[in-house]
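Engineer: Whatever this is, show me its structure:
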Amino acid sequence: MTGRPITVMGIFVADVTFRTPALPLWGQTILGAGFKLGPGGKGSNQSVAAARLGGKVSFISKIGKDTFGKMAQDMYAAEGIDTSLLAVSSDHSTGAAAIIVDDANGENAIIVTPGAANALTEEEVDSAREQIRHSSVFMTQLELPLNIVEHGLKLARGLSVRTILNPAPACNLSDSILELCNFLTPNESEAEALTQQSIISLEDAEKAAEILLRRGVSTVILTLGARGALLKNAELTQHIPAFQVGPVLDTTGAGDAFNGGFAVALSEGQSLIQAVRLGCAVAGISVTRHGTAPSMPSRTEVEALLNKSS
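Structural biologist: Coordinates of the predicted model:
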């Protein structure tokens, strides 16, 4: 299917990934099980995920005029992502992320330095007004400065464009920001940070989602890892199971895979339940592969999984 354009605002960073049997203590050196350098950043990953599914994606961000910045531009050219809104700075370096992956179960811990993206200005976001106006959805995350996130959400809402906020990495958000979100897509830890509600069961997830709805979010999609996702708004509460595709190798980027799939489904006019299901399928495939952007599946792979599971 072919949908309307999707505009993503976020950061690009170079992912420096280390696989290890254990985390080192302060002052300790250990031998890792593997090392890889590749493209990352939540907004960038989500753009790649959406583009590989056939989405017409434009990416708003800022990179440096350096080796990592060239990595970004080369990838966007290969993936067919519009970079007319991607600013290039001579004064700031492109960002980087240190990713530590547990070699036994694929779980991860991440340190992100946004670099040039931290210097993205409101004026540069405003220059994307016409692109946003013609978009089906505007999607962003919390790796950019909070004032830029809020500015982008306000701009999109003022243009009557649906907004998706992936509240990652977790931080406290005001109700004024949450009220700008047509769709909020936290994982369990992010939802706990926003609501102070411990999430162990599906009932706990529903309680957390209800708190976020009361604070102004229109629809909450709470991603639950191996348990899938919970969709909740004023009219609907639905649990969508995860897809068990194969052994989990690396969960890094699973949330980005979900959000990219969800945005594409919305851009194509699919129902909310279908959109969450598509997001779960994309994430289910991505965790069976190493890396972030490189792990994002094609539309053919995702459709095959959906058809097999229907």
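Engineer: Checking my notes, residue 37 in a strand, right?
Structural biologist: Yes: in this structure, residue 37 lies within a strand as judged by DSSP: H, G, I helix; E, B strand; the rest coil.
Engineer: Excluding chain neighbours, give the residue nearest to it in space.
Structural biologist: Among residues not flanking residue 37 along the chain, residue 16 sits closest, at 5.7 Å (Cβ to Cβ, 6 or more residues apart in numbering). Any C-beta I mention is one placed from the backbone N, CA and C, and that applies to glycine too.
Engineer: same deal with residue 23?
Structural biologist: That would be residue 100: by Cβ to Cβ, 6+ apart, it lies 6.4 Å from residue 23.
Engineer: That neighbour and residue 109, how far apart?
Structural biologist: The gap separating residue 100 from residue 109 is 5 Å, by Cβ to Cβ, to the nearest Å.
Engineer: Same check on residue 140?
Structural biologist: Separation of residue 140 from residue 109 (Cβ to Cβ): 23 Å.
Engineer: Spatially central, which residue of the protein would that be?
Structural biologist: Taking Cα atoms, centre = their mean, the centroid of the chain lies closest to residue 256, which sits 3.2 Å from it.
Engineer: still on that earlier bit, ok, residue 100 and residue 109, which is more surrounded?
Structural biologist: Applying other Cβ atoms under 10 Å to residue 100 and residue 109 shows that residue 100 carries more neighbours, namely 19 against 11.
Engineer: Provide a list of residues in contact with that one.
Structural biologist: 18, 20, 23, 108-110 (Cβ atoms under 8 Å, 6 or more residues apart in numbering).
Engineer: Among the residues you listed, the buried ones, what's the ChimeraX command?
Structural biologist: Here is the ChimeraX command that picks out the buried ones among the contacts of residue 100, judged by 16 or more other Cβ atoms under 10 Å:
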select :18,20,108,110
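Engineer: Name the nearest of the contacts of residue 100 relative to residue 169.
Structural biologist: Nearest to residue 169 among the contacts of residue 100: residue 110, at 8.1 Å, using Cβ to Cβ.
Engineer: In the stretch 201-310 of the chain, what residue spans correspond to strands?
Structural biologist: Under the criterion DSSP state E, counting those that start in this stretch, strands of the stretch 201-310 of the chain are mapped to 219-223, 229-233, 237-240.
Engineer: Of all these, which one is nearest residue 248?
Structural biologist: strand 219-223 (14.7 Å).
Engineer: Which secondary structure elements does the closest one sit against?
Structural biologist: strand 183-184, helix 188-195, helix 202-214, strand 229-233, helix 254-267, helix 272-286 (3 or more Cβ pairs under 8 Å, 6 or more residues apart in numbering; DSSP states H and E).
Engineer: what's that strand in contact with?
Structural biologist: 182-188, 191, 199, 205, 208-209, 212-213, 229-233, 255, 258, 262, 272, 276, 279, 283.
Engineer: Same list (the strands of the stretch 201-310 of the chain) but as JSON lines, adding mean pLDDT, distance to residue 307 and mean neighbour count.
Structural biologist: Putting those into JSON lines (pLDDT from 0 to 100; distance: least, Cβ to Cβ, whole Å; neighbours: other Cβ atoms under 10 Å) gives the following:
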{"stretch": "strand 219-223", "mean pLDDT": "98", "distance to residue 307": "23", "mean neighbour count": "26"}
{"stretch": "strand 229-233", "mean pLDDT": "98", "distance to residue 307": "20", "mean neighbour count": "22"}
{"stretch": "strand 237-240", "mean pLDDT": "97", "distance to residue 307": "17", "mean neighbour count": "17"}
